[in-house]
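1. okay, structure incoming, though there's no sequence with it:
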C-alpha cells in the first residue's frame, strides 16, 4: 500500500515537472515573438520606413523614390544579417551537440536579443542614425535566430514523437497571443500618431514620454527587450537539458560532425529536398513579414497606429489558425499542412503585386474606397495564420528527420537552410524595387520562391528520414 502511494506521488510529481517543462518551452515563443511582431513587422519597421523616407525626401528625392530607397536600405540590412546567421548557425548547432550543452548558448544569444532591441531607441525622427540603428536591429535579430536554434533542439525531449506536432503548433499559437498582447500594450500606452502625438486611447505616451519626439514609438525597442527578459524567466526556471554527458567545446570535432552530416545529404533525398524547400519557403515568408509593414505604410499610406491595429486583428486570427494547424499536424502529419500554407502564401504575394490604393489587377476601386484596406487586412490574417502554421509544421518535419542524439546539429542545419539564402528574399525585393521603382513589383520574387518550395516537397517523405 505504502509503495503504491509512493509510486503515485512520484508519477504526479513527474507529470507536474513535465507540464512545467512544456509550459516553460512554450514561454520562449511568448517571450521572443515581440521581436517579429513589434520590430520586424508592425511597429518599428513602419516607423523606420517613415523616418527614412522623410530623411531621403529632405535630401531632395520624390516621395516614391524616397519610399523605394527606404525599402531597399531595409532589405540590404536584413540580407547582411541573414548571411551572418547562415554562416554560423550550423556550426553552433554542431558545437552544442558535441559539448552536450544548449542552455549556455541560449543565455548568450538572449543577451544579444536584449541589447539589440533596447538600442533601437536611438532612431530619432530628426537627423536619424539609420545605419547604426540597422546594425543594432541586426544584432537583436541574430540573437533571436540563434536562441531559436537551441530552443528548437529541445523540442524532441519535450514530448513523445506523436505529440510533437501539437506541442509545436501550440507553442506558435501561444507565441502569437504574446505578440498580440505586447502589440496591444504598445498601441494603447506608447505608440503615438505622428500628427497628434497621442496613442490609440487618445492620451500622450505613458511614463512622460514625448510624443512630439516620437518617444512613445521609439520605446518599442526597450519595451521588446524588457518583455523578453521578464518572460524568459519561466523558460530558464522550468526547462532543463536532457540528461547526458557534458564535454568541453571542441570546434574541430563539431566541424567534422557537421561535414559528415552535409556529406550524408547526397544519399538522403528526403532530407535534402526538405531543407531546400524549407529554405525557399521560410526565406519568402520572412520577406513577407519584413516588408508587409513597409508595404502598408508606403503603398497604402497607413500610419503606425493603423498598422498596429491591423496587427492585433491579424495576429489574433493567426493564433487560432496556428492552433488549428497544430491539431491538423497531429492528425495528418506536417506535410499536408505545409503544402496548404505554401499555396495560400503564394496567392497572397500575387495579390499584393497586383494591388495598390487605386485598384487591383487593372480593376479600379471607387474613389475613397476602403477595399484595399480590407483586402490587405485579409492578407495579413492569411500571412500570419499560414505562416505560423507552416513554421510549426516545419519544426515537426525537422524532428522527423533529426537523429535523436544530435537534435541541435539538425536544427542548426535547419537554421542554415532557412538562412543560407536569407539574403535572397530581401536582396531580390530590394534589387527589383530599385530597378523598377515599384514597391509592388518588388514583392514578385516571393511568388517564385513559394512555387519552387512546393515543387521540392514532392520528394519529401512525410515520415522523415533519419541517418542510421
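-> Structure received. Bear in mind the structure is a predicted one, so any value in this text is a computation, not a measurement. Numbering: from 1, shown residues only.

2. what about the nearest residue to residue 111 once chain neighbours are set aside, neighbour count?
-> If the residues on either side of it in the chain are set aside, residue 111 comes closest to residue 143, at 7.1 Å by C-beta to C-beta, 6 or more residues apart in numbering. Just so you know, the C-beta spots here come from the backbone N, C-alpha and C atoms, and that holds for glycine as well. Using other C-beta atoms under 10 Å, residue 143 is surrounded by 23 other residues.

3. would you mind listing the residues in contact with residue 128?
-> By C-beta atoms under 8 Å, 6 or more residues apart in numbering, the residues touching residue 128 are 51, 52, 55.

4. per-residue confidence averaged over stretch 79-89?
-> If you average the pLDDT over stretch 79-89, you get 80.

5. what's around residue 87, how many residues?
-> By other C-beta under 10 Å, 12 other residues sit near residue 87.

6. make sure I have this right: it is in a helix.
-> Yes. Residue 87 forms part of a helix when assessed by DSSP: H, G, I helix; E, B strand; the rest coil.

7. just checking, residue 382 touches residue 346?
-> No. When contacts are counted by C-beta atoms under 8 Å, residue 382 is not listed as touching residue 346 (10.8 Å).

8. what about the strands in the stretch 301-450 of the chain?
-> Applying DSSP state E, counting those that start in this stretch to the stretch 301-450 of the chain gives strands spanning 359-360, 363-364.

9. partner strands of the last one and their direction?
-> If you go by DSSP bridges, strand 363-364 pairs up with strand 359-360 (antiparallel).

10. got a list of contacts for the strand it pairs with?
-> When contacts are defined by C-beta under 8 Å, 6+ apart, strand 359-360 is touched by residues 351, 354, 365, 371, 372, 375.

11. restricted to buried residues, select those residues in ChimeraX.
-> Selection of the buried residues among the contacts of strand 359-360 in ChimeraX, burial being defined by 16 or more other C-beta atoms under 10 Å:
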select :351,365,372,375
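
12. doesn't residue 323 make contact with residue 388?
-> No. When contacts are counted by C-beta under 8 Å, residue 388 is not listed as touching residue 323 (9.2 Å).

13. mutual contacts of those two, please.
-> Joint contacts of residue 388 and residue 323 (C-beta under 8 Å, 6+ apart) are residue 173.

14. what comes up buried for stretch 195-204?
-> Applying a neighbour-count criterion of 16+ other C-beta under 10 Å, one finds 197, 199, 200, 204 buried in stretch 195-204.

15. can I get those residues in a markdown table including pLDDT, secondary structure and distance to residue 105?
-> Converted to a markdown table, those look like this (pLDDT from 0 to 100; DSSP: H, G, I helix; E, B strand; the rest coil; distance: C-beta to C-beta, whole Å):
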| residue | pLDDT | secondary structure | distance to residue 105 |
| --- | --- | --- | --- |
| 197 | 88 | coil | 42 |
| 199 | 91 | coil | 38 |
| 200 | 83 | coil | 38 |
| 204 | 94 | coil | 41 |
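
16. residue 388 and residue 323: who's more crowded?
-> Taking other C-beta under 10 Å, residue 388 and residue 323 do not tie; residue 388 has more neighbours (28 against 22).

17. look up how far residue 170 lies from that one.
-> Note on residue 388: its distance to residue 170, by C-beta to C-beta, to the nearest Å, is 11 Å.

18. and residue 78, how many neighbours?
-> A total of 26 residues lie near residue 78 under the criterion other C-beta under 10 Å.

19. burial measure for the nearest residue to it once chain neighbours are set aside, as a count.
-> Counting by C-beta to C-beta, 6+ apart, residue 78 lies nearest to residue 426, which is 4.0 Å off, once chain neighbours are set aside. For residue 426, the count of nearby residues is 25 (other C-beta under 10 Å).

20. any stretches of the stretch 351-468 of the chain with poor pLDDT?
-> Low-confidence segments of the stretch 351-468 of the chain, defined by pLDDT under 70: 404-409, 411-412, 415-416, 418-423, 465-468.

21. cutoff 90 now
-> Low-confidence segments of the stretch 351-468 of the chain (pLDDT under 90): 351-445, 461-468.
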